[in-house]
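In: Below are the sequence and a predicted model for it; my questions follow.
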Amino acid sequence: MKILVNGAWREIERAELVGALEELGYGASAVSTAVNGEFVAAALRARTVLTEGDRIEVLAPMQGG
Amino acid sequence: MPRFYQTEVRSRLMLGTARYPSPAVLADAVRAARVEIVTVSLRRESAGERAGQAFWSLVRELGVRVLPNTAGCHTVKEAVTTAHMAREVFGTSWIKLEVIGEDDTLQPDVFGLVDAARILGAEGFEVFPYTTEDLVVAERLLAAGCKVLMPWGAPIGSGRGLNNLFGLTALRAHFPDVPLIIDAGLGVPSHAARALELGFDAVLINTAVAQARDPVQMAAAFAQAVEAGFAARQAGPIEPRDLAVPSTPLIGTAFRG
């Protein structure tokens, strides 16, 4: 299934968000996620099922002013 | 000591963490200025580089409190979603709320700002809104539940100082009990000292320190300026006058009469 991850198309096999993140290499990273513009808490990633064309944002701490 | 929501802090200087020459210089600047609060942000993370993880480790080692921002958000929806994501990653309900309305000046969209503040306040966030010196907007933000305001001094990164002294002075006078933090636009330590002399509770500095030739020395200079400005405010400055008033007593002046 193809999904848009941080603005780039990626092919994934696992449909649950938690599995997709592992597949994409985020593993144990301190990241926060949104699917189609809606925040998905870490606790809900296992229950969140992705579908073709979903837009995923994977954000992490960064310098800011 | 200023109190931001339920947290009392000793330092009246807050630092942003962006645009430093290196993470090591950022860390040294934070230590040199003895700040307790730094601002941080969220950005897209590359699974390969994991730059965000390294940065977060550095900040945690510094032992400071973080104030996440919603920089780059142009809509209420973006800002609210980013705030939720920040609360999860950083483990704090504090959020420096930015809803940008104009790209050349990075002026806040105050209408979106009030809407987003109301939503986030109802969801338990402790909102630090990046706003203008507009009194009516300030009233609306307070009504939305904000207990701290962050008026701009000048456009972000401009280094112009306190652009609207009249407006900022009026804001301070109008809300004597609300913690007010000057955010954005300060360029040199004297700007920060002036802000504290006017009665503002704290300042947030980023570019002026990070882009200085020697950020660590500049951070220390800002810390001294903030202390001086606060002490001056406490000491009660004289009122400016239009005409000279001799400081040396005139009684007994030679060659007179």
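Out: Everything's here; your move. Numbers count the residues shown, from 1 in each chain, chains lettered A, B, ... in the order given.
In: A:Ala60 in helix, strand or coil?
Out: strand (DSSP: H, G, I helix; E, B strand; the rest coil).
In: Now do the contacts for it.
Out: A:29-32, B:42-45, B:50-53, B:56, B:89 (C-beta atoms under 8 Å, 6 or more residues apart in numbering or on different chains). To be clear about C-beta, it is placed using only N, CA and C from the backbone, and glycine gets the same treatment.
In: And the residues you listed, which is closest to B:Tyr130?
Out: The shortest approach to B:Tyr130 among the contacts of A:Ala60 belongs to B:Leu42, at 15.7 Å (C-beta to C-beta).
In: list the contacts for that closest one?
Out: Contacts of B:Leu42 by C-beta under 8 Å, 6+ apart are A:32, A:59-62, A:64, B:68, B:82, B:85-86, B:89.
In: of those, buried ones?
Out: Applying 16 or more other C-beta atoms under 10 Å in any protein chain shown to those, the neighbour count classes A:32, A:59-62, A:64, B:68, B:82, B:85-86, B:89 as buried.
In: before we move on, back to that, selection in PyMOL covering whichever of the contacts of A:Ala60 are buried, please.
Out: Those of the contacts of A:Ala60 that count as buried under 16+ other C-beta under 10 Å are selected in PyMOL with:
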select buried, (chain A and resi 29+30+31+32) or (chain B and resi 42+43+45+50+52+53+56+89)
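In: if we take the contacts of A:Ala60, which one ends up nearest to A:Ile3?
Out: B:Arg44 (14.4 Å).
In: give me phi/psi at the closest residue to the closest one other than its chain neighbours?
Out: Nearest residue to B:Arg44, sequence neighbours excluded (C-beta to C-beta, 6 or more residues apart in numbering or on different chains): A:Asn6, at 4.1 Å. Dihedral angles of A:Asn6 (phi, psi; degrees, to the nearest 10) stand at phi 50, psi 40.
In: Based on its surroundings, how many neighbours for A:Asn6?
Out: 16 (other C-beta atoms under 10 Å in any protein chain shown).
In: re earlier: nearest to B:Ala144, of the contacts of B:Leu42?
Out: For the contacts of B:Leu42, the nearest to B:Ala144 is B:Thr82 (17.7 Å; C-beta to C-beta).
In: Could you tell me which residues make contact with that closest one?
Out: A:59, B:42, B:70, B:73.
In: Strands - which of these land there?
Out: Counting by DSSP state E, the contacts of B:Thr82 place A:59, B:42 in strands.
In: In TSV, list the contacts of A:Ala60 along with distance to B:Ile181, pLDDT and secondary structure.
Out: Shown next, in TSV, are the contacts of A:Ala60 (distance: C-beta to C-beta, whole Å; pLDDT from 0 to 100; DSSP: H, G, I helix; E, B strand; the rest coil):
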residue	distance to B:Ile181	pLDDT	secondary structure
A:Ser29	31	79	coil
A:Ala30	27	87	coil
A:Val31	29	92	coil
A:Ser32	25	95	strand
B:Leu42	21	94	strand
B:Arg43	23	92	strand
B:Arg44	28	93	strand
B:Glu45	29	89	coil
B:Arg50	32	81	coil
B:Ala51	28	85	helix
B:Gly52	26	88	helix
B:Gln53	29	89	helix
B:Trp56	24	93	helix
B:Val89	23	95	helix
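In: Take the contacts of A:Ala60 and write them to JSON lines, including distance to A:Glu11.
Out: Below are the contacts of A:Ala60 laid out as JSON lines (distance: C-beta to C-beta, whole Å):
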{"residue": "A:Ser29", "distance to A:Glu11": "20"}
{"residue": "A:Ala30", "distance to A:Glu11": "25"}
{"residue": "A:Val31", "distance to A:Glu11": "20"}
{"residue": "A:Ser32", "distance to A:Glu11": "23"}
{"residue": "B:Leu42", "distance to A:Glu11": "26"}
{"residue": "B:Arg43", "distance to A:Glu11": "24"}
{"residue": "B:Arg44", "distance to A:Glu11": "19"}
{"residue": "B:Glu45", "distance to A:Glu11": "19"}
{"residue": "B:Arg50", "distance to A:Glu11": "21"}
{"residue": "B:Ala51", "distance to A:Glu11": "24"}
{"residue": "B:Gly52", "distance to A:Glu11": "24"}
{"residue": "B:Gln53", "distance to A:Glu11": "24"}
{"residue": "B:Trp56", "distance to A:Glu11": "29"}
{"residue": "B:Val89", "distance to A:Glu11": "26"}
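In: Just give the nearest non-adjacent residue to the residue most central in space within chain A, would you?
Out: Centroid-nearest residue in chain A, with C-alpha atoms, centre = their mean: A:Ile56, separated by 4.7 Å. Using C-beta to C-beta, 6+ apart and skipping the chain neighbours, the partner closest in space to A:Ile56 is A:Val5 (4.9 Å).
In: All good on my end, thank you.
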